[in-house]
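**Q** Take a look and give me a structure for this.
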Amino acid sequence: MTAAPARPMKKSAARLGAVQALYQMDMAQTPLHDILAQFQTFWLGQEVEGVQMPEADIRLFRAVVEGVLEEQRRIDPLVNRILSDGWPLGRVEAVLRAVLRAGTYELLERDDVPARVVITEYVNVAGAFLEGDEIGMANAVLDKLAREVRPHEFGTGLTGPGAV
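**A** Predicted structure coming up:
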């Protein structure tokens, strides 16, 4: 019965790896095929510089990385609209940009994962690399986007005074 926690940990590790891969692709212009091969061979579940990396859900890792690239023309304008005026996604720190893109992809395309889980997972990923305001920004942007694209999960507009 100790196998149950492994599945969520593998999904968290996949999301962490996906953000790292997206960051590397953004910064080093590493092609998709190369990044997938590098991460699956040398990072995910491997020992890196004396640190054992957690085993990851490879299917989720690949789905997020490939999905962000396929949907980036749809993702970036959505995130830009939510970000503060004068602070477009292109000006956001590269790791935070990767977190926002990956989280937005899952909110748009993975309705099998509850929005609150997506938000929590990517805020945790942001916390592994970033501090204070940037973590808060990741939470605020993903929360606002989730309420827009999945209002049914937040009960938005369903009950209360003035409801039709």
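
**Q** which parts of stretch 38-45 are buried?
**A** Within stretch 38-45, the residues that count as buried by 16 or more other C-beta atoms under 10 Å are 39-40, 43-44. To be clear about C-beta, it is placed using only N, CA and C from the backbone, and glycine gets the same treatment.

**Q** Determine which two of those residues are furthest apart.
**A** Using C-beta to C-beta, the two most remote members of these are Gln40 and Trp43, lying 7.7 Å apart.

**Q** and the longest helix for the chain?
**A** Looking across the chain with DSSP state H, the single longest helix is helix 58-82.

**Q** Quick one: mean pLDDT for that helix?
**A** Averaged across helix 58-82, the pLDDT comes to 95.

**Q** Tell me the helix or strand right after it.
**A** Using DSSP states H and E, the helix or strand that directly follows helix 58-82 along the chain is helix 94-109.

**Q** quick one, the helix or strand following that following helix and helix 94-109 angle?
**A** The C-terminal neighbour of helix 94-109 among helices and strands, as given by DSSP H and E, is helix 115-129. Taking axes from the mean of the first three to the mean of the last three C-alpha atoms, to 10 degrees, one finds that helix 115-129 is oriented at 170 degrees with respect to helix 94-109.

**Q** any residues touching helix 115-129, and which ones?
**A** Defining contact as C-beta atoms under 8 Å, 6 or more residues apart in numbering, one finds that helix 115-129 is touched by 11-12, 15-16, 19, 95-96, 99-100, 102-103, 106-107, 110, 134-135, 138-139, 142-143, 146, 150, 153-154.

**Q** Now, of those residues, which are buried?
**A** 11-12, 15-16, 19, 95-96, 99-100, 102-103, 106-107, 110, 134-135, 138-139, 142-143, 146, 150.

**Q** re the thing from before, can you list the buried residues of stretch 38-45 in a markdown table and add pLDDT and distance to Ala126?
**A** Output for the buried residues of stretch 38-45, formatted as a markdown table (pLDDT from 0 to 100; distance: C-beta to C-beta, whole Å):
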| residue | pLDDT | distance to Ala126 |
| --- | --- | --- |
| Phe39 | 86 | 19 |
| Gln40 | 83 | 23 |
| Trp43 | 77 | 19 |
| Leu44 | 80 | 19 |
